[in-house]
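A.B. asks: Return atomic coordinates for the entry below.
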Amino acid sequence: MLLAAGVLFTGDLEASGEQDVARGLDPVPVLKVPHHGSATSSTSVLLEATRPVVAVVSAGRRNLFGHPSPVVVERYARRTSRLYRTDRDGTIVTRVGSDAVEVRSWRPGWGWTPWVRHELGVSGPRVRPHQKRRRAAHAKASETP
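C.D. replies: Next up is the predicted model:
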C-alpha cells in the first residue's frame, strides 16, 4: 500500500514559507524538521498540517547556533511526535510502511541501534475523532457473540 506521502523534506524553510507550504499538505509519517530546528521554524500551522509520527532534525553536534532550539523540541514533544536528532542520535535511517514507521540510528563507537517501530494511526495526533468512533464501534461489534 502506498501512502500519500512518506517523508517531507523541508530544507531551510522558516515560518513565512511554512504558512504557504502547509496549505497544500496532507499528514506525513516522517518530517525532516525545518531549518535545523531553529526557533523560527516548526510553526503550529505546519505541525498541524503534517502531524508527523516521527520528526528528524539535522543539526551538528555542539553547533554554534544551539540547534535544535529547546522551544522547537517542546513543540514536537507536545504533539507526541518522536524526535530524532543527528546531533544526539547520529546517522538516522527510516522505513515507512502502510502501518508503521521504523527508525534506527548509528553512532561511531556505538554501532547500530535496533529498529524502533512507531505505529501509524494508533494513538496521538494521527487518530482523528471519526476514526476513534469507528474503532469503538468495531470493538463493540467484535465483543457481541
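A.B. asks: in the protein, what spans have low per-residue confidence?
C.D. replies: Along the chain, the model assigns pLDDT under 70 to residues 1-5, 122-145.
A.B. asks: Please enumerate the helices of this structure.
C.D. replies: Assigned by DSSP state H, the chain shows helices spanning 15-22, 44-50, 70-78, 86-89, 129-143.
A.B. asks: ok, the residue lying closest to Val56 once chain neighbours are set aside - contacts?
C.D. replies: Spatial nearest neighbour of Val56, chain neighbours left out: Tyr84 (4.9 Å); criterion: CB to CB, 6 or more residues apart in numbering. From N, CA and C alone the C-beta is placed, and that goes for glycine too. By CB atoms under 8 Å, 6 or more residues apart in numbering, the contact set of Tyr84 is 54-57, 92, 103, 105.
A.B. asks: export the residues you listed to JSON lines and tack on neighbour count and distance to Leu46?
C.D. replies: Shown next, in JSON lines, are those (neighbours: other CB atoms under 10 Å; distance: CB to CB, whole Å):
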{"residue": "Val54", "neighbour count": "24", "distance to Leu46": "15"}
{"residue": "Ala55", "neighbour count": "27", "distance to Leu46": "11"}
{"residue": "Val56", "neighbour count": "23", "distance to Leu46": "15"}
{"residue": "Val57", "neighbour count": "28", "distance to Leu46": "14"}
{"residue": "Ile92", "neighbour count": "19", "distance to Leu46": "20"}
{"residue": "Val103", "neighbour count": "22", "distance to Leu46": "21"}
{"residue": "Ser105", "neighbour count": "20", "distance to Leu46": "24"}
